[in-house]
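Undergrad: Provide a 3D model corresponding to the input given below.
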Amino acid sequence: MALLRACKRAYAEVIQLEKFVINGGKPLIGEVSISGAKNAAVAILPATILAADKCVIENLPDISDVAVSLQILSALGAKIRMLNKNSYEIDTSHITATQVPDELSRQMRASYYFLGALLGRFGSGKVAMPGGCNLGPRPIDQHLKAFCALGAQDSVEYGMIEVSGRPLVGAHVFFDTVSVGATMNAMLSAVLAEGQTVLENVAKEPHIVDLANFLNMMGADVRGAGTDAIKIRGRKALHGCTYSIIPDQIEAGSYMVAAAITGGNVLIKNVIPKHLEPITAKMELAGVIIEEYDDAVRVVRTGDLLPLKIKTMPHPGFPTDMQPLMTVLLTLARGTSIITEGIWENRFRYVDELVRMGANIQVDGQVAVIEGVPELQPAPLRASDLRAGAALVMAALAANGTSEIDEINHIERGYEGLVEKLQGLGADIRRVEKFVSVLPQAL
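TA: As a prediction, the model looks like this:
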């Protein structure tokens, strides 16, 4: 037995991880600038394939999902030149491959946008079933419905999704459910199809409009983005352009919550206030003071937080990505709040972490009932997905004492320079290395 233990120690693999250590209880004060929108970037980068030309994409967030998207483009044959950490020149004129490498596509959900772009340009595309946050079943049946309506065929074998069809011909598509991903993929596949495509019951989020604007800058004819119906008249070819991505509304909303939950005073710059209206409206009802400017908002809280009722819905309703963050905020409200998750099935998995901090939350299916508590307690925490992880950071900032958050790779998929930006507001947060020994299964 002693020999076996010695062998295990000798052959144990040491894995280097990172975690956040946060000493909370301090109000955040100062200014923070918002980065480019993650949800726009991960669709616009695949869309450069359609240009078969050079595109310069500016205001890209420096996050892991963007890095993976650029790696996929490079693996497909694109030439990529970094202009600065937020701007890249992407030349897709020499791409010939139509299969996204398996190990890359599994790293993020948005890898499925390469299906629409590759199908649109080459008449075929193949991508592994994508990864990303586990928020419950996220079928791509509506994506495939759009592809098939345009004349493509699809197959799923050994975890790979393959679509093929040429020529693609414009069609009328009515989505059974409102889906951001299906709307974007349909747009990508239709801009080079013959004739006119009409998409109905589409998503209306700001990043849908941003993708449409980018496609139009490349010479596409996309109209109606941001409304219930999008009309696309196919072009024979597109061309390169220079395009700057919109600010990230969810990153902005996250810092709005950070300011409010800590009783701070923060000016959040480089935002489009209209995109924040669903968030602003609820936070004002919760007793938070918000001042709007042309491209900034100031968030101040001096009094008690008030309870709310929130239901997440497709845009222009309250965004599901803000649900975990608002749940954290309402743990400190005076009274009972009710949050109903109308989009994803498993989005309350993080609640157990908040309960460890002293929060009083009961979850029944898609509904969370939150009884406000006077304060949150520090605790060791684990980020289960991107937005839940960000919410735990905000909870730790509000708690008096030191909290540690593991699995921060989820958080850094969607937040550029989170530690540095929070430190700039006076937060006591740092990223530290964590070493874990993993024993070989054979032993």
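Undergrad: distance between the ends of stretch 28-46?
TA: Separation of the first and last residues of stretch 28-46 by C-alpha to C-alpha, to the nearest Å is 37 Å.
Undergrad: Can you show me the strands along the stretch 251-400 of the chain?
TA: Assigned by DSSP state E, counting those that start in this stretch, the strands in the stretch 251-400 of the chain fall at 265-269, 289-292, 296-300, 309-311, 336-340, 360-364, 367-371, 380-382.
Undergrad: Ignore what I typed, I meant the stretch 1-150 of the chain.
TA: Assigned by DSSP E, counting those that start in this stretch, the stretch 1-150 of the chain shows strands spanning 13-24, 29-33, 54-58, 79-84, 87-91, 124-128.
Undergrad: circling back: nearest to H172, out of the strands of the stretch 251-400 of the chain?
TA: strand 309-311 (30.7 Å; C-beta to C-beta). All C-beta spots, glycine's among them, are computed from the backbone N, C-alpha and C.
Undergrad: quick revisit: Serialize the strands of the stretch 251-400 of the chain to a markdown table and add fields for distance to I80 and mean pLDDT.
TA: Converted to a markdown table, these look like this (distance: least, C-beta to C-beta, whole Å; pLDDT from 0 to 100):
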| stretch | distance to I80 | mean pLDDT |
| --- | --- | --- |
| strand 265-269 | 29 | 98 |
| strand 289-292 | 37 | 98 |
| strand 296-300 | 32 | 98 |
| strand 309-311 | 41 | 97 |
| strand 336-340 | 41 | 97 |
| strand 360-364 | 44 | 96 |
| strand 367-371 | 43 | 97 |
| strand 380-382 | 34 | 96 |
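Undergrad: okay if I get those strands as a markdown table plus distance to G181 and mean neighbour count?
TA: As requested, the strands of the stretch 251-400 of the chain are exported to a markdown table (distance: least, C-beta to C-beta, whole Å; neighbours: other C-beta atoms under 10 Å):
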| stretch | distance to G181 | mean neighbour count |
| --- | --- | --- |
| strand 265-269 | 27 | 21 |
| strand 289-292 | 30 | 15 |
| strand 296-300 | 28 | 20 |
| strand 309-311 | 21 | 17 |
| strand 336-340 | 22 | 18 |
| strand 360-364 | 26 | 14 |
| strand 367-371 | 25 | 18 |
| strand 380-382 | 27 | 19 |
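Undergrad: would you turn the ones you listed into a markdown table with distance to H207?
TA: As requested, the strands of the stretch 251-400 of the chain are arranged in a markdown table below (distance: least, C-beta to C-beta, whole Å):
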| stretch | distance to H207 |
| --- | --- |
| strand 265-269 | 19 |
| strand 289-292 | 21 |
| strand 296-300 | 19 |
| strand 309-311 | 21 |
| strand 336-340 | 23 |
| strand 360-364 | 29 |
| strand 367-371 | 26 |
| strand 380-382 | 28 |
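Undergrad: returning to what we had before: deepest in the core, which of the strands of the stretch 1-150 of the chain is it.
TA: Between the strands of the stretch 1-150 of the chain, strand 124-128 has the highest mean count of neighbours, a mean of 22, where neighbours are mean count of other C-beta atoms under 10 Å.
Undergrad: which stretch among the strands of the stretch 251-400 of the chain comes nearest R223?
TA: strand 289-292 (29.0 Å).
Undergrad: Now for E277: which residues touch it?
TA: With contacts taken as C-beta atoms under 8 Å, 6 or more residues apart in numbering, E277 has the following neighbours: P316.
Undergrad: before we move on, the earlier item: mind checking the strands of the stretch 1-150 of the chain for the one nearest to L386?
TA: strand 13-24 (14.0 Å).
Undergrad: What's the mean pLDDT across the closest one?
TA: Averaged across strand 13-24, the pLDDT comes to 82.
Undergrad: okay if I get the strands of the stretch 1-150 of the chain as CSV plus distance to I279?
TA: CSV is the format used below for the strands of the stretch 1-150 of the chain (distance: least, C-beta to C-beta, whole Å):
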stretch, distance to I279
strand 13-24, 22
strand 29-33, 15
strand 54-58, 25
strand 79-84, 29
strand 87-91, 28
strand 124-128, 32
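Undergrad: closest one to A390 among the ones you listed?
TA: Nearest of those to A390, taken as C-beta to C-beta: strand 13-24 at 10.8 Å.
Undergrad: Surely N39 touches I208?
TA: No - with contact defined as C-beta atoms under 8 Å, N39 does not count as touching I208 (9.2 Å).
Undergrad: For the two, indicate the residue with more neighbours.
TA: A count of neighbours by other C-beta atoms under 10 Å puts N39 above the other of N39 and I208, at 26 against 23.
Undergrad: Nothing else from me, thank you.
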